[in-house]
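A.B. asks: Structure for the following, please:
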Amino acid sequence: MPGYLVKQECIAIDGAADLTIRSLLDRQQFSDPLGLAAGLGISAAAWPLFGLLWPSGTLLAAAMAKRKLRDGERVLELGCGLALASLVAHRRGVDITASDCHPLAAAFLRENLRLNGLPAMKYRHGRWGDALPSAGQLDQAADTDVRGCFDLIIGSDLLYERDDAGLLAAFIGRHSAPSGEVWIVDPERGNRSAFNRRMALLGFARTEQRLDRPVSETSPAYKGRLMVFCRSVGLLPSGALQVFTGA
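C.D. replies: Prediction:
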């Protein structure tokens, strides 16, 4: 591919069949000849991050592999990057929409669907770093933007930068169904506490599960947690804390 190099790997996911994934060769790749990424505020240093596989994303994919299927449920993945969790859910027949703000995320998703013999999947531009839209702006949102509400919103490693305005929590609040759940795998980012407070103000109760893993022959050590938010007060998130324990 012009401007950057890629690699292709077979990725093992706990609870699911392996996936063939095309990703960027390394963190040194960069190509933005038309300035599309720059126009979205994506720096040269941040540009390749969407196209790499991250441990938190693999753990989120494992959670989606083990989650009980629900008829008619709509799922949205935020900041999907290479969309590993979305691919796992899509292969199981889940009505899932992947979203990201990177201009190449959709193209990589299409290629990875092809490599795994999967049908087309929904993809939308999802950027929560913009100012909160007015009601009129919401009505005029482009067809390529995230629209509507979802029963489950998922994401991995979303809290990597400060969000003083609470835009991520507000975005989730706008797109979460009245009794919606939110699953986020977080590798101990320092912005977690502020995000949790904002989610509580929006009416989300929270439960957590540690996902710590020691170093092994096949994977490095990992420290993090699965955070599960449920919007209906008093309603326990169903199936969330069993996905990694086999209960």
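
A.B. asks: Next SSE downstream of the strand of greatest length in the chain?
C.D. replies: Ranked by residue count under DSSP state E, the longest strand found in the chain is strand 176-186. Using DSSP states H and E, the helix or strand that follows strand 176-186 towards the C-terminus is helix 192-201.

A.B. asks: which residues does the residue most central in space within the chain bridge with?
C.D. replies: For the chain, the residue lying nearest the average C-alpha position, counting by CA atoms, centre = their mean, turns out to be Gly155 (3.0 Å). With DSSP bridges applied, the residues forming beta bridges to Gly155 are Ile184.

A.B. asks: what's the distance between it and Gly39?
C.D. replies: Counting by CB to CB, to the nearest Å, the gap between Gly155 and Gly39 amounts to 23 Å. The C-beta positions use only the backbone N, C-alpha and C, and glycine is treated the same way.

A.B. asks: What is the distance between stretch 74-81 and the centre of its chain?
C.D. replies: On the basis of CA atoms, centre = their mean, to the nearest Å, stretch 74-81 sits 4 Å off its chain's mean C-alpha point.

A.B. asks: Ends of that stretch, what's the gap?
C.D. replies: Between the opening and closing residues of stretch 74-81 there is a gap of 19 Å (CA to CA, to the nearest Å).

A.B. asks: got it, and stretch 55-75?
C.D. replies: Distances were taken as CA to CA; on that basis the terminal residues of stretch 55-75 are 21 Å apart.

A.B. asks: any idea of the mean pLDDT in that stretch?
C.D. replies: Model confidence over stretch 55-75, given as mean pLDDT, is 96.

A.B. asks: For the remainder of this discussion, apply numbering that starts at 602.
C.D. replies: All right, first residue 602 from here; so that's stretch 656-676.

A.B. asks: Flag every buried residue along it.
C.D. replies: Across stretch 656-676, burial judged by 16 or more other CB atoms under 10 Å covers 656-668, 674-676.

A.B. asks: Also stretch 698-705?
C.D. replies: The neighbour-count check on stretch 698-705 (16+ other CB under 10 Å) flags 698-705 as buried.

A.B. asks: That one - what's its average pLDDT?
C.D. replies: Computed over stretch 698-705, the mean pLDDT rounds to 96.

A.B. asks: Can you give the contact residues for it?
C.D. replies: Stretch 698-705 has contacts (CB atoms under 8 Å, 6 or more residues apart in numbering) with 633, 637-638, 641, 643, 648, 651-652, 675-682, 684, 687, 706-707, 710, 722-728, 730, 747, 751.

A.B. asks: ok, which stretches of the protein are strands?
C.D. replies: Along the chain, the stretches classed as strands by DSSP E are 607-614, 617-625, 675-678, 696-701, 723-726, 751-757, 777-787, 806-811, 826-831.

A.B. asks: May I see the ones you listed arranged in TSV, with distance to Phe796 as well?
C.D. replies: As requested, the strands of the chain are exported to TSV (distance: least, CB to CB, whole Å):
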stretch	distance to Phe796
strand 607-614	26
strand 617-625	27
strand 675-678	17
strand 696-701	18
strand 723-726	22
strand 751-757	11
strand 777-787	8
strand 806-811	10
strand 826-831	9
